[in-house]
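**Student:** sequence unknown, structure follows:
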């Protein structure tokens with residue numbers, strides 16, 4: 001596609017000036033001593049052996065997007081499955097879909113987002129108080145679906161603290177690339193032992209501005225060579241509008257030693273499928289959550305936590321307005337019970353049980369997956385020992401999964417057991433340096449789509465064929481992390497290195513064959529490995545009592561290969577870059593250059609993706625008003641108006657990333 005001469009000159013000049021790239025800041029991992037990670041047993045961020053990051057506060061407000069995937073995309077080790085502004089899920093170290101679990105307040109979202117990249121997650125990130133990312137296997141506590149990583153969105157829709165006053169937040173924001181408009185309002189109140197919460201959110205957007213055409217040059221060349229006519233739209237992605245709204249009510253009865261609470265929420269979304277001309281999805285979900293806690297400071301048993309969620313989910317894929325196609329329904333629930341214990345000052349841990357039940361159905365001409373019932377039960381235990389300079393942790397999980405599909409064949413049922421184990425340690429090398437090592441053996445059961453798919457998946461533009469004989473996927477992982485945390489006025493760094501050795505790795509392999517005018521992909525298994533790193537360096541350029549200027553340099557990389565030497569598909573490319581961050585009293589300014597390298601290490605029948613440079617800038621100002629604390633923010637993305645395609649997206653050659661965009665908003669906390 002075209003690129004202006006001026007844009008090329010700007011790109012080269014900026015590349016020379018900054019020579020590397022910087023992704024958006026994840027609530028600075030080197031400065032988070034007081035951040036508690038709720039998805040890791042409420043531990044301090046720096047006390048977790050597994051690489052973990054948290055996005056919260058003003059950083060979260062500045063980086064909010066219409067989906068969880070785009071809010072986190074570009075963070076250290078994280079990209080997205082970009083399928084437009086609403087349907088975009090996180091991809092962690094090249095793993096996505098069924099390998100990355102998304103949680104809301106510690107419980108699975110229970111939607112069908114993992115089934116297909118065009119299915120949106122039912123979590124609206126604008127409601128998040130913080131977003132937690134666990135990189136690498138998190139199967140020990142959260143099961144098979146977290147074998148590649150985990151994202152937990154903390155909302156506290158069920159209040160956990162007593163409230164006697166009236167407080168909350170309100171935010172409005174907008175953006176130019178897709179004419180985005182969004183607003184959210186949340187309030188907390190209470191009286192004596194009763195605490196209550198309410199929230200509302202709504203967002204709308206239209207066609208997405210892009211600098212070139214929707215169809216990539218490589219796909220045009222491939223289709224033209226096959227004698228097919230190619231239709232591409234210039235300057236915008238037309239069928240990408242969104243309309244999302246919802247809200248929740250929650251309440252808790254809170255005592256000194258515990259609480260009982262619940263919430264009910266509603267999520268509605270209608271959005272176009274940008275890989276098609278007129279198709280769109282109409283989605284609704286009702287979610288009911290319950291929570292009970294008991295705590296004590298005596299004896300070996302210190303707390304028992306009970307959490308449960310039930311979802312009533314449905315969405316209809318319309319071929320065009322007034323022409324319904326496939327209807328997806330899922331009734332699902334999850335229950336978790338965990339008990340925390342302390343044996344000595346140096347020995348503590350938790351054990352528990354998790355039960356999940358998914359009743360799924362799809363009806364229509366494009367129902368490529370049969371109806372199925374998935375039941376899983378897991379038991380887990382995690383123990384931690386403090387040995388002075390060393391802190392050790394060991395854990396285990398046993399899980400059984402059964403899937404019964406509505407198929408008239410003997411191979412319509414999957415029933416298997418799996419075991420996961422972990423061991424980790426953190427050692428203080430000095431007052432400011434720590435070394436963390438994590439070893440994990442994790443198991444992931446195949447899901448109904450991978451086992452039983454057999455039909456056209458129109459949104460993904462492919463014909464999918466499952467394999468009912470797939471076995472449980474296992475992996476052995478080693479994570480090594482070196483961290484320096486020495487304050488804002490000194491040099492800090494973070495270096496994560498990882499290696500995953502898979503047995504029976506499940507992947508969707510393009511066959512090169514055509515069925516119903518769609519390319520066929522088959523779910524296969526083979527041995528595989530992924531390995532890579534994440535690196536970050538902070539250098540103070542200026543520091544005083546009233547402000548600071550810091551340089552951030554960082555990079556991440558992941559490589560995936562099958563045992564036969566074939567590449568794994570949709571692996572993110574190398575990213576390198578830099579940024580300058582200025583903070584003074586109420587002001588925050590940052591300018592970052594993001595370079596995504598060309599991805600030409602390809603799986604069979606996969607098209608290469610060109611590299612691109614992203615120039616982004618942030619400006620925000622915080623102030624105290626009579627109504628509360630106020631944050632004014634402006635974020636500019638893709639200032640060079642680069643044509644950019646996310647290699648981790650299954651529709652990258654049909655749906656490029658947005659062009660130049662200015663996003664602005666105001667957030668009031670009262």
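**Tutor:** Arrived safely. Please read all numbers here as calculations on a predicted model, not as lab measurements.
**Student:** for the residue nearest the centre of the chain, what are its contacts?
**Tutor:** Taking CA atoms, centre = their mean, the centroid of the chain lies closest to residue 90, which sits 3.0 Å from it. Counting by CB atoms under 8 Å, 6 or more residues apart in numbering, residue 90 makes contact with 68-69, 72-73, 78-81, 96, 100, 102, 133, 149, 151. Where you see a C-beta, it was placed from the backbone N, CA and C, and this is true even at glycine.
**Student:** drop anything exposed from those.
**Tutor:** Buried residues within the contacts of residue 90, counting neighbours by 16 or more other CB atoms under 10 Å: 68-69, 72-73, 78-81, 96, 100, 102, 133, 149, 151.
**Student:** now, these that are in helices?
**Tutor:** 68, 69, 72 (DSSP state H).
**Student:** the first one contacts residue 121, doesn't it?
**Tutor:** So that's residue 68. Yes - shown here, residue 68 and residue 121 form a contact pair, counting by CB atoms under 8 Å, at 5.3 Å.
**Student:** what's the overlap in contacts for the two?
**Tutor:** The overlap between the contact sets of residue 68 and residue 121 (CB under 8 Å, 6+ apart) consists of 89, 102.
**Student:** how near is residue 252 to residue 289?
**Tutor:** As for residue 252, its distance to residue 289 is 11 Å (criterion: CB to CB, to the nearest Å).
**Student:** which neighbours do the two share?
**Tutor:** Counting by CB under 8 Å, 6+ apart, the residues touching both residue 252 and residue 289 are 158, 262.
**Student:** which intervals of the protein have sub-threshold pLDDT?
**Tutor:** 1-36, 40-46, 410 (pLDDT under 70).
**Student:** switch to 80 and redo it
**Tutor:** Along the chain, segments meeting pLDDT under 80 span 1-49, 163-164, 365-366, 409-411, 458-461.
**Student:** next SSE after the longest strand belonging to it?
**Tutor:** Identified as the longest strand of the chain according to DSSP state E is strand 518-543. The element immediately downstream of strand 518-543 (helix or strand, assigned by DSSP states H and E) is strand 547-562.
**Student:** buried set for that next one?
**Tutor:** 548-562.
**Student:** how about stretch 464-483?
**Tutor:** 464-468, 470, 472-477, 479-481, 483.
**Student:** next step: the residues you listed restricted to strands.
**Tutor:** Those of the buried residues of stretch 464-483 lying in strands (DSSP E): 464, 465, 473, 474, 475, 476, 477, 479, 480, 481, 483.
**Student:** turn those into TSV, including distance to residue 368.
**Tutor:** As requested, these are arranged in TSV below (distance: CB to CB, whole Å):
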residue	distance to residue 368
464	6
465	9
473	21
474	27
475	27
476	33
477	32
479	36
480	41
481	40
483	45
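**Student:** spatially, which two of those are the most separated?
**Tutor:** 465 and 483 (44.8 Å; CB to CB).
**Student:** on that earlier part again, ok, so of the ones in helices among the buried ones among the contacts of residue 90, who is nearest residue 318?
**Tutor:** The closest of these to residue 318 turns out to be residue 69 (CB to CB; 22.8 Å).
**Student:** which residues does that closest one contact?
**Tutor:** Residues in contact with residue 69 (CB under 8 Å, 6+ apart) are 80, 81, 82, 88, 89, 90, 91, 121.
**Student:** same deal with residue 289?
**Tutor:** 105, 107, 157-158, 250, 262-265, 307-310.
**Student:** quick one: secondary structure of it?
**Tutor:** Per DSSP: H, G, I helix; E, B strand; the rest coil, the secondary structure class of residue 289 is strand.
**Student:** now find how far off-centre stretch 426-436 is within its chain.
**Tutor:** A distance of 29 Å separates the centroid of the chain from that of stretch 426-436, by CA atoms, centre = their mean, to the nearest Å.
**Student:** tell me what the longest strand of the chain is packed against?
**Tutor:** helix 448-452, strand 462-465, strand 492-515, strand 547-562 (3 or more CB pairs under 8 Å, 6 or more residues apart in numbering; DSSP states H and E).
**Student:** wait, which of those is closest to residue 235?
**Tutor:** Ranking these by their distance to residue 235 (criterion: CB to CB) puts strand 462-465 first, at 27.0 Å.
**Student:** verify the stated contact: residue 183 with residue 199.
**Tutor:** No - with contact defined as CB under 8 Å, residue 183 does not count as touching residue 199 (11.3 Å).
**Student:** more crowded one of the two?
**Tutor:** More neighbours surround residue 199 than the other of residue 183 and residue 199, with 23 against 17 (other CB atoms under 10 Å).
**Student:** contacting residues around that one?
**Tutor:** Here residue 199 is in contact with 127, 155, 157, 184, 185, 186, 187, 247, 248 (CB under 8 Å, 6+ apart).
**Student:** wait, the last one sits on residue 267?
**Tutor:** Read that as residue 248. No - assessed by CB under 8 Å, residue 248 is found out of contact with residue 267, at 9.1 Å.
**Student:** neighbour count winner among these two?
**Tutor:** residue 267 (24 against 21).
**Student:** what helix or strand is the more buried one located in?
**Tutor:** Following DSSP H and E, one finds residue 267 within strand 258-272.
**Student:** what of residue 162?
**Tutor:** Under DSSP H and E, no helix or strand contains residue 162.
**Student:** for it, the count of nearby residues, please.
**Tutor:** Residue 162 is flanked by 17 other residues according to other CB under 10 Å.
**Student:** same question for residue 124.
**Tutor:** With other CB under 10 Å as criterion, residue 124 counts 29.
**Student:** number of nearby residues for the residue nearest to it when sequence neighbours are not counted?
**Tutor:** Nearest in space to residue 124, with sequence neighbours left out and distances taken as CB to CB, 6 or more residues apart in numbering, is residue 201 at 5.3 Å. Counted with other CB under 10 Å, the neighbours of residue 201 add up to 20.
**Student:** so residue 201 makes contact with residue 246?
**Tutor:** Yes - in this structure residue 201 lies within contact range of residue 246 using CB under 8 Å: 5.9 Å.
**Student:** what's the first-to-last distance across stretch 363-370?
**Tutor:** This stretch, stretch 363-370, spans 8 Å end to end (CA to CA, to the nearest Å).
**Student:** check the offset of it from the chain's centre.
**Tutor:** How far stretch 363-370 lies from its chain's middle: 27 Å, per CA atoms, centre = their mean.
**Student:** tell me the buried residues in it?
**Tutor:** 366, 367, 368, 369, 370.
**Student:** and the residues you listed as TSV, adding distance to residue 278?
**Tutor:** Formatted as TSV, these follow (distance: CB to CB, whole Å):
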residue	distance to residue 278
366	14
367	20
368	20
369	23
370	27
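**Student:** those: which two are farthest apart?
**Tutor:** Across the buried residues of stretch 363-370, the longest distance by CB to CB is 12.9 Å; it joins 366 and 370.
**Student:** from residue 109, how far off is the residue nearest to residue 124?
**Tutor:** Residue 201 is 16 Å from residue 109, by CB to CB.
**Student:** now do the helix or strand that contains residue 590: which elements does it pack against?
**Tutor:** In this assignment (DSSP H and E), residue 590 forms part of strand 587-596. Contacts defined by 3+ CB pairs under 8 Å, 6+ apart place strand 587-596 against helix 5-18, strand 575-584, strand 612-625.
**Student:** circling back to that earlier point, show me which residues of the strand holding residue 267 are buried.
**Tutor:** So for strand 258-272, counting by 16+ other CB under 10 Å, buried means 259, 260, 261, 262, 263, 265, 267, 269, 270, 271, 272.
**Student:** residue 283 against residue 273, yeah?
**Tutor:** No - counting by CB under 8 Å, residue 283 sits too far from residue 273 to count as a contact (11.9 Å).
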